[in-house]
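Novice: Next come a sequence and a model predicted from it.
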Amino acid sequence: MSDHSDEQQYDPATVEARWQAHWEKDKTFAVPEEAGDKPKFYMLEMFPYPSGKLHMGHVRNYSIGDVMARFKRARGFDVLHPMGWDAFGLPAENAAIKRGVHPADWTYSNIAVMRRQLQRLGFSYDWDRELATCDASYYRWEQAVFLDLLEKGLAYKKGGMLNWCESCQTVLANEQVDADGNCWRCGNPVIQKELEQWYLRITDYAQELLDCLGSMDGWPNAVTTQQVGWIGRSTGASIRFALSGDVPDGSDGVIEVFTTRPDTLYGCTFMSLAPEHPLTKRLAAGTEQEAAVNAFVDRMGRTDKADRTDAATEKEGVFVGRYAINPVNGREVPIYTANFVLADYGTGAVMAVPAHDQRDFEFATKYGIDKVVVIDPPGDATLDASTMTEAFVEAGTMVNSGTHDGTANEAGKASVIAELEEKDAGKGTVNFRLRDWGISRQRYWGAPVPVIYCDVDGMVPVPKDQLPVVLPKDVQIGGEGGSPLARHEAFWKTTCPTCGGPARRETDTMDTFMESSWYFMRYCSPHYEGGLVDPAMAARFLPVDMYVGGIEHAVMHLLYARFYTKILRDLGHIPAVDEPFTRLVCQGMVNHESYKDEHGEWVLPTDIDIRSEAVTVDGKETVVRRATHKETGREVSIGRIEKMSKSKLNTVDPETLIAHYGADTMRLFCLFASPPTKDLEWSDAGVEGASRFIGRVWRLVRRHTDALGPVAAYSGDGSDLDSDAVALRRAVHQTIVRVTVDVEERLQLNTAIAAVMELVNTLYKYEAAHTAEIGAGGVVSSVMVEALETVLRLLSPFAPHFTNELWEKMGRADVLEDVSWPEADASAAADDSIEIVVQIKGKKRASIAVAANADQPAIEAAALAAAAKWVGEAPPRRVIYVPGRLKHHSRLAPQKGVGHGYDRCAWEQRETRRPATNMTSPSCSTG
RNA sequence: GCCGGAGUGGCGGAAUCGGUAGACGCGACGGAUUCAAAAUCCGUUAUCCGAAAGGGUGUGUGGGUUCGAGUCCCACCUCCGGCACCA
């Protein structure tokens, strides 16, 4: 009610709106057109899918990025910090089916909502660079690149068994099927379906994609190791086995296998083909096995791939009725087809060595096939195939292997390959687990593949001057299956660019990961008409210096984007860029407690009341949190802390919280509650704490602006200050160092905020002890102003609204976005007195305060005196002096003029303390 | 099974190069202010023994290296993430 308290009370809604309007009007975050003297910094966060509204994960992701963008700006960089929309994709189509909204309308209205939410959070984006991947002005360049890839043979069409999601009605790339064989997006089971589709030859780049990982120091280990595993390089040999007997139709009489164990070739006793291998049925044709093989292959074709390739599935197979000849020992081995052999890895055929491969062992045991030992364990032991219970897969010495006998098996790999090469029956080779990237999607809401089919000329690329192939808006989107484009005659009916005759357009659209593979390039020159990126702007801004996003994209988006970067480099668009993202930060998940009622149903956090109760358990008093339902009053059980998800009803809505607390509070909480790379546990009490801190700073600054009016910050050398003021300045300048290191080097934003909180606590104490002096307007006032200004400057990247408001209230004419990052004054930050901890045998026994410039003998003397009680009369046997140890700054106490421990002195006096007669110290001896 | 990551007070988390474990925040408790409450401000808060001074114990478990270990080494346990019949 009183005007004074209103003035002291911080009102986020009005203050934040004011600054957001200012940034928008002023285009504060636009990058200068021309590159000047400043270095560039390209700060990027993964752009969102416009699903409807922001969730907490977005708030956290973008808060982290915004701190870095604003910090780098203050550090003197030209910061490129764009935002846009990953706007193609299935949810738009599903919404259309469910609610009758057109995907475009749904998408653009979601974008409008989410853009407003982002602006409401005060992020420092250059909105003039905003892009949406569903705009034809964006995807036309993707289509142009596709045509280049087609020309170079890097894009091709191939039929085969594909991952198909029945629920999404489309194919999926291998990366998009999770470990349980479910769709990455909808979670429904993925089945196999025979289809033709478009692929990009990512396998051509497998080696480079792998090689570069080794030097990508700015990426988290978790991501690079995942990518290494996904690429899955293995070295071995390809070996040609000739068929025994007459050669069946359609075969050149040879079956090639890939193995990583050429050293076991002499132990090969059969061969296994994938059921889908082109020779499987042909080999069986005309033999008495024909019917059995056909039945087996057909049955496998109907079996779910996830089940078939589950390691727990029992191995089974059928003899195909023919034999192959082992090229090194001439042994005739039976050929089987087996369920566990994968058609799309290696050649789809494997040589089987049951004694040294567990899968082959199980298969051979089941079907009574010979086992031949060719590797014996190190030492004198020899293996007996008839008594083995499992395959011997470890290193050993080669036996039964002709001239290789006695060779260590590792060396034998090379010598067997040499023998194969000599006999022209094989060679050393490398295989990758990575498969080509399937990019066709049988859906509407994506970028059309720019290709036309003509009965006369076959597949004809759309001429570049006819791009873009625009996605038509007037489509019938229904759930009846098949792509809406395939039912849209005006779209697919066209004429052949070559012969002018009637032709049909490709109705597949591209995987949305295509768009997200190069959007960061388009941001460099989003309105450029001459190509996908203006070469000058690409040269100026690429690569991205820091990229922040979720780890769920470790092998999908992040692998595709790396591949696409290399493609575009080789096409000449970005000649100097090998890798897109110099530093990658994967932020942790946002988690929240989950709640269930007595029926085991999930309950919303907003529907319950939580209270703490003191209870006595086993005579010990502890605090227990209990929850009750607001409406029913029934007890609700507090469950595990889980990732926020709609299904568990444990989400919190950013919009509501922003309306209540303001953007600064939300940002501060997200950044303070845990370091960026770790999971964050949502806590309403924690949000309150962040809000309280802002209020605390607000009141502190307002008290002084009211009392003092504009006062210049202290600029002297400290010689005119008393010890308390010197100590205060020391705290200020030490905080500058801490925050700078935490943000710039460690990306430890939580401790950066904690450091400012400490400084604010110190200021409160100083204020209480020196009210009169501060109000007097003299040098002490200016020291206080220096401190307050520093707090605002250090806090501005985290909470830019209220800091700007206070900056203005302090009488500053500029805005914090134009104020450079504070520089610490080394002499002001230096301690005059430091605390030394004295350890005896590693235990802390005393601590002494010494002058910062005290030399070692003086410190040792003081330490000895302080530790006299422990050392006794005899001199210590050994003194360890550890200079220059910076310890945490937690014990700052400016009023007392006590510094903090930079040095340490440890004492050891093993023998003198414990006489040799002490039997409990056998290791001691009298010197 | 293989590959990553993590385990620290009642809770979220600090501890930068092997050198004072528990910064900062939350919660709790006490005090000030208030008619009262909220808000705010101040203080206490790992644990055990002790009136205190002081001391013992303590970073998932068990060993080891070191004057000294949350931090390094060895062997485990638990949880999270990824991959998994890739020959």
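Specialist: Here it is on my side, so go on.
Novice: How many residues are close by the closest residue to RNA strand B within the stretch 701-850 of chain A?
Specialist: At 2.1 Å from RNA strand B, A:Gly842 is the closest residue in the stretch 701-850 of chain A, using CB to the nearest atom of the strand. C-beta here means a position set from N, CA and C on the backbone, and glycine is covered the same way. Counted with other CB atoms under 10 Å, the neighbours of A:Gly842 add up to 8.
Novice: likewise A:Ile753?
Specialist: A:Ile753: 25 neighbours (other CB under 10 Å).
Novice: Backbone dihedrals for A:Leu795, please?
Specialist: A:Leu795 has phi and psi values of phi -90, psi -20 when expressed as degrees, to the nearest 10.
Novice: I figured it hits A:Val756, correct?
Specialist: Yes: counting by CB atoms under 8 Å, A:Leu795 sits close enough to A:Val756 to count as a contact (5.6 Å).
Novice: So if I had to pick from the two, which one is more boxed in?
Specialist: A count of neighbours by other CB under 10 Å puts A:Leu795 above the other of A:Leu795 and A:Val756, at 26 against 21.
Novice: Helix, strand, or coil at the closest residue to that one other than its chain neighbours?
Specialist: Nearest residue to A:Leu795 in three dimensions, chain neighbours excluded: A:Thr803, at 5.1 Å (CB to CB, 6 or more residues apart in numbering). The local conformation at A:Thr803, judged by DSSP: H, G, I helix; E, B strand; the rest coil, is helix.
Novice: A:Gly159 belongs to a helix, doesn't it?
Specialist: No: using three-state DSSP, the secondary structure at A:Gly159 is strand, not a helix.
Novice: Contacts only, for it.
Specialist: A:Glu194, A:Leu195, A:Glu196, A:Gln197 (CB atoms under 8 Å, 6 or more residues apart in numbering).
Novice: between those residues, which is nearest A:Asp66?
Specialist: The closest of the contacts of A:Gly159 to A:Asp66 turns out to be A:Gln197 (CB to CB; 39.8 Å).
Novice: So that closest one: helix, strand or coil?
Specialist: A:Gln197 ends up strand, using three-state DSSP.
Novice: And it, how far from A:Ile191?
Specialist: According to CB to CB, to the nearest Å, A:Gln197 and A:Ile191 sit 15 Å apart.
Novice: does the residue nearest to A:Leu795 really touch A:Glu817, like I thought?
Specialist: No: counting by CB under 8 Å, A:Thr803 does not reach A:Glu817; the two are 10.4 Å apart.
Novice: so where do the helices sit in the stretch 601-750 of chain A?
Specialist: Under the criterion DSSP state H, counting those that start in this stretch, the stretch 601-750 of chain A contains helices at A:654-661, A:663-672, A:684-708, A:723-741, A:749-769.
Novice: Mean pLDDT and distance to RNA strand B for the ones you listed - can I get that in a markdown table?
Specialist: Shown next, in a markdown table, are the helices of the stretch 601-750 of chain A (pLDDT from 0 to 100; distance: least, CB to the nearest atom of the strand, whole Å):
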| stretch | mean pLDDT | distance to RNA strand B |
| --- | --- | --- |
| helix A:654-661 | 93 | 12 |
| helix A:663-672 | 96 | 7 |
| helix A:684-708 | 92 | 3 |
| helix A:723-741 | 94 | 6 |
| helix A:749-769 | 95 | 4 |
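Novice: so can I have CSV of those showing distance to A:Ser238?
Specialist: Converted to CSV, the helices of the stretch 601-750 of chain A look like this (distance: least, CB to CB, whole Å):
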stretch, distance to A:Ser238
helix A:654-661, 55
helix A:663-672, 53
helix A:684-708, 59
helix A:723-741, 53
helix A:749-769, 51
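Novice: between the ones you listed, which one is nearest to A:Asp609?
Specialist: Comparing these under CB to CB, the one sitting nearest is helix A:684-708, at 11.5 Å.
Novice: which residues touch the strand or helix carrying A:Arg140?
Specialist: Per DSSP states H and E, A:Arg140 falls inside helix A:136-152. Helix A:136-152 is contacted from outside by A:88, A:131-133, A:155-156, A:200, A:447-451, A:461-462, A:464, A:467-471, A:510, A:514-515, A:518-519, A:522, A:531-532, A:567-568, A:571, using CB under 8 Å, 6+ apart.
Novice: Inside helices: which ones of the residues you listed?
Specialist: A:Met514, A:Glu515, A:Tyr519, A:Arg522, A:Ile567, A:Leu568 (DSSP state H).
Novice: Verify the stated contact: the second one with A:Thr133.
Specialist: If I follow you right, that is A:Glu515. Yes: counting by CB under 8 Å, A:Glu515 touches A:Thr133, with 3.7 Å between them.
Novice: Now do the shared contacts for the two.
Specialist: Joint contacts of A:Glu515 and A:Thr133 (CB under 8 Å, 6+ apart) are A:Asp86, A:Ala87, A:Phe88, A:Tyr139, A:Ala447.
Novice: quick one: pLDDT of the first one?
Specialist: Looking at A:Asp86, its pLDDT is 96.
Novice: same thing with the fourth one?
Specialist: As predicted, A:Tyr139 sits at a pLDDT of 97.
Novice: How about the last one?
Specialist: As summarised for this prediction, A:Ala447 has a pLDDT of 97.
Novice: In contact with the most centrally placed residue in chain A, which residues?
Specialist: When chain A is reduced to its mean C-alpha position, the nearest residue by CA atoms, centre = their mean turns out to be A:Ile551, at 2.9 Å. A:Ile551 makes contacts with A:Pro220, A:Ala222, A:Val223, A:Cys586, as judged by CB under 8 Å, 6+ apart.
Novice: was I right about A:Glu256 contacting A:Val350?
Specialist: No: here A:Glu256 does not reach A:Val350: they are 10.6 Å apart, not a contact under CB under 8 Å.
Novice: intersection of neighbour lists for those two?
Specialist: When contacts are counted by CB under 8 Å, 6+ apart, A:Glu256 and A:Val350 are jointly contacted by no residue.
Novice: who's more crowded, those two?
Specialist: In this view A:Glu256 and A:Val350 are compared by other CB under 10 Å, and A:Val350 has more residues nearby, 24 against 16.
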